[in-house]
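Chemist: 3D model of this:
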Amino acid sequence: MDAVSSTTAYTLIDAKSSGTSKFTVAASGLTTIASGGLTVTGGVTLVDTGLTVTTGGATITAGGLLVSAGGVTVTAGGLAVSAGGASIADNQAAVNTLTVTNGISTGFTGTLLSMNAVSTTKLYTLIDAQSSGTSRFKVAASGLTTIVGSGSGGASISDSATTTNTLTVANSVSTGFTGALLSMDAVSSTTAYTLINAKSSGTSKFTVAASGLTTIASGGLTVTTGGATITAGGLLVSAGGVTVTAGGLAVSAGGASIADNQAAVNTLTVTNGISTGFTGTLLSMNAVSTTKLYTLIDAQSSGTSRFKVAASGLTTIVGSGSGGASISDSATTTNTLTVANSVSTGFTGALLSMDAVSSTTAYTLIDAKSSGTSKFTVAASGLTTIASGGLTVTGGVTLVDTGLTVTTGGATITAGGLLVSA
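Modeler: Predicted coordinates for the structure are as follows:
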């Protein structure tokens, strides 16, 4: 067929059925199949303007579909590949190979990219994103997601929500879970890197170094249950101290050492805040050793023991010129100082023993005062002076040397008389 008209308003072919056009070829070359579809054996090559099928679709039984220009645009009905899968390739440097978009501005409730495999086994892979043949992002059928970085970082997760978690790691197994909810591993032989660096506004708040050193920069540490167990390395608090608000402090092994370098602060303070009714012990010490070779208390000054309590109870006070001990009380009916020995028989020691090694005798062994006035004194020479109240002796008195001097008041003998042997 050949028409020489300079216009293209005519039709080359117009095949009708019962007066209705079924197959037309316009002068421009546009071919229209009005119904019945198109079956092509041997393939179809569309050089220009594409292919428009208004109804009935297009069926290619062999040879496939090759679009050399113009691409393929599906304006309705979507694209479904029922067998053979699909392969999308491109050789352009700055164009996306595959773009999936949804033009609904509001109310979209579907899924932008949905994948489904019905195999009952889980040996296949849902996603395998590769770079030069190396898997970089892989999602197994089990859901296991593997991200393999190449030096630019593995993954970055960000969000702009105010009340939802940016990252949630959960395990839905109700019983028998023995894995790790979050596992991290670096194989570097050096330990200059950081395992965890949690920041707030760019400032590190919680870090875990490769060595395992954990640093909490602010906010402290709160353990609500289970306590804290340190198997090695100890606990170092560089600032803020340690405050125990409940449960007390118990050291089961290793003892405790308390040191300080401040001039005007107590090194150790033991207090009880109960205003009334306290019946416990402010400081209690107990050693269960059957031997008595150890020491309960050894208070030293510059390495010299000043106050020492042996396991036997023997208490030694060593003064350094400011006095050895001062005992005071405010009770009205109890003894201020009681010296007792509980041995019922065989006691041969001294209930109260005093010893001064000074070569001079200008000091006093005993000076018993009442309201600041000496009432009973024993000088270093042994001279005993009773300032007032007199002396009552039951059982007699033996004067070995120097005799008896009565300066005032005289001497009254009510019975037994006076015997002077020499």
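Chemist: okay, Gln92: pLDDT?
Modeler: pLDDT for Gln92: 91.
Chemist: In terms of helices and strands, where is Val139?
Modeler: strand 134-140 (DSSP states H and E).
Chemist: Would you map the helices across the stretch 101-250 of the chain?
Modeler: Counting by DSSP state H, counting those that start in this stretch, the stretch 101-250 of the chain has no helices at all.
Chemist: low-confidence ranges in it?
Modeler: Applying pLDDT under 70 to the stretch 101-250 of the chain flags no residue at all.
Chemist: try 90
Modeler: 122, 149-156, 213-214, 218-250 (pLDDT under 90).
Chemist: ranges for the strands of it?
Modeler: Assigned by DSSP state E, counting those that start in this stretch, the stretch 101-250 of the chain shows strands spanning 125-131, 134-140, 145-147, 194-200, 203-209, 214-216.
Chemist: Can you pull the phi/psi pair for the closest residue to Met354 other than its chain neighbours?
Modeler: Leaving aside its chain neighbours, Met354 sits nearest to Leu365 (5.7 Å; criterion: CB to CB, 6 or more residues apart in numbering). Using the backbone N, CA and C atoms, a C-beta is placed for each residue, glycine as well. Per-residue torsions, Leu365: phi -80, psi -50 (degrees, to the nearest 10).
Chemist: Quick check, Leu365 in contact with Val378.
Modeler: Yes: using CB atoms under 8 Å, Leu365 is in contact with Val378, at 4.4 Å.
Chemist: show me the contacts for Gly154.
Modeler: 147-148 (CB atoms under 8 Å, 6 or more residues apart in numbering).
Chemist: how much space between it and Ser238?
Modeler: 33 Å (CB to CB, to the nearest Å).
Chemist: Same check on Thr61?
Modeler: From Thr61 to Ser238 the distance is 80 Å (CB to CB).
Chemist: returning to what we had before: please convert the strands of the stretch 101-250 of the chain to CSV, extending it with distance to Thr338.
Modeler: As requested, the strands of the stretch 101-250 of the chain are exported to CSV (distance: least, CB to CB, whole Å):
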stretch, distance to Thr338
strand 125-131, 88
strand 134-140, 84
strand 145-147, 80
strand 194-200, 63
strand 203-209, 59
strand 214-216, 54
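Chemist: What pLDDT is listed against Thr20?
Modeler: The model's pLDDT for Thr20 equals 93.
Chemist: Grab the nearest non-local neighbour of it.
Modeler: Nearest one to Thr20, counting by CB to CB, 6+ apart, is Ala34 at 7.3 Å.
Chemist: Cross-check the contact I'm expecting between that neighbour and Ser17.
Modeler: No: using CB under 8 Å, Ala34 is not in contact with Ser17; the gap is 9.2 Å.
Chemist: and the strand holding Val139, what other elements does it pack with?
Modeler: strand 125-131, strand 145-147 (3 or more CB pairs under 8 Å, 6 or more residues apart in numbering; DSSP states H and E).
Chemist: name the helices or strands packed onto the last one?
Modeler: It refers to strand 145-147. Short answer (3+ CB pairs under 8 Å, 6+ apart): strand 145-147 packs on strand 134-140.
Chemist: who's in contact with the strand it packs on?
Modeler: 122, 124-130, 145-150.
Chemist: run the last query once more with 10 Å
Modeler: The contact list for strand 134-140 (CB atoms under 10 Å, 6 or more residues apart in numbering) reads 115, 122-131, 144-150, 154-155.
Chemist: Find residues that contact each of Leu365 and Val378.
Modeler: By CB under 10 Å, 6+ apart, the residues touching both Leu365 and Val378 are 354, 384.
Chemist: Buried residues of stretch 29-38, list them for me.
Modeler: Using 16 or more other CB atoms under 10 Å as the test for burial, stretch 29-38 gives 32-33.
Chemist: distance between the ends of that stretch?
Modeler: Chord length of stretch 29-38, first to last residue, is 17 Å (CA to CA, to the nearest Å).
Chemist: can you start the count at 54 instead of 1 from here on
Modeler: Okay, using 54 as the starting number, the last item reads as stretch 82-91.
Chemist: model confidence over it, on average?
Modeler: 82.
Chemist: Same check on stretch 112-132?
Modeler: Mean predicted confidence for stretch 112-132 is 78.
Chemist: right, and Thr98 touches Ile113 too?
Modeler: No: between Thr98 and Ile113 there is no contact under CB atoms under 10 Å: 11.7 Å.
Chemist: Overlap of the contact sets of the two?
Modeler: Joint contacts of Thr98 and Ile113 (CB under 10 Å, 6+ apart) are Leu119.
Chemist: Of those two, which one has the most company?
Modeler: The neighbour count for Thr98 versus Ile113, taken as other CB atoms under 10 Å, is higher for Ile113 (15 against 9).
Chemist: partner residues bridging that one?
Modeler: Ile113 has the following beta-bridge partners by DSSP bridges: Val93.
Chemist: Could you report the neighbour count for the closest residue to Tyr416 other than its chain neighbours?
Modeler: Nearest residue to Tyr416 in three dimensions, chain neighbours excluded: Ala433, at 4.9 Å (CB to CB, 6+ apart). Neighbourhood size, Ala433 [other CB under 10 Å]: 13.
Chemist: what's the distance between Ala433 and Ile419?
Modeler: Taking CB to CB, one finds Ala433 at 10 Å from Ile419.
Chemist: likewise Ser395?
Modeler: 24 Å.
Chemist: out of these two, which sits in the busier spot?
Modeler: Shown here are Ser395 and Ile419; by other CB under 10 Å, Ile419 has more neighbours (13 against 5).
Chemist: Checking the more buried one next. Helix, strand or coil?
Modeler: The three-state label given to Ile419 by DSSP: H, G, I helix; E, B strand; the rest coil is strand.
Chemist: Contact partners for it?
Modeler: By CB under 10 Å, 6+ apart, the neighbours of Ile419 are 405, 407, 427, 429-432, 437-438.
Chemist: cool, Thr243 as well?
Modeler: Ala263.
Chemist: number of nearby residues for Thr64?
Modeler: Neighbour number of Thr64 under other CB under 10 Å is 15.
Chemist: and it, what does it touch?
Modeler: 56, 74, 77-81, 83, 85.
Chemist: likewise Ala393?
Modeler: Residues counted as contacts of Ala393 (CB under 10 Å, 6+ apart) are Leu404.
Chemist: list the buried ones in stretch 326-336?
Modeler: Going by neighbour count (16+ other CB under 10 Å), nothing in stretch 326-336 comes out as buried.
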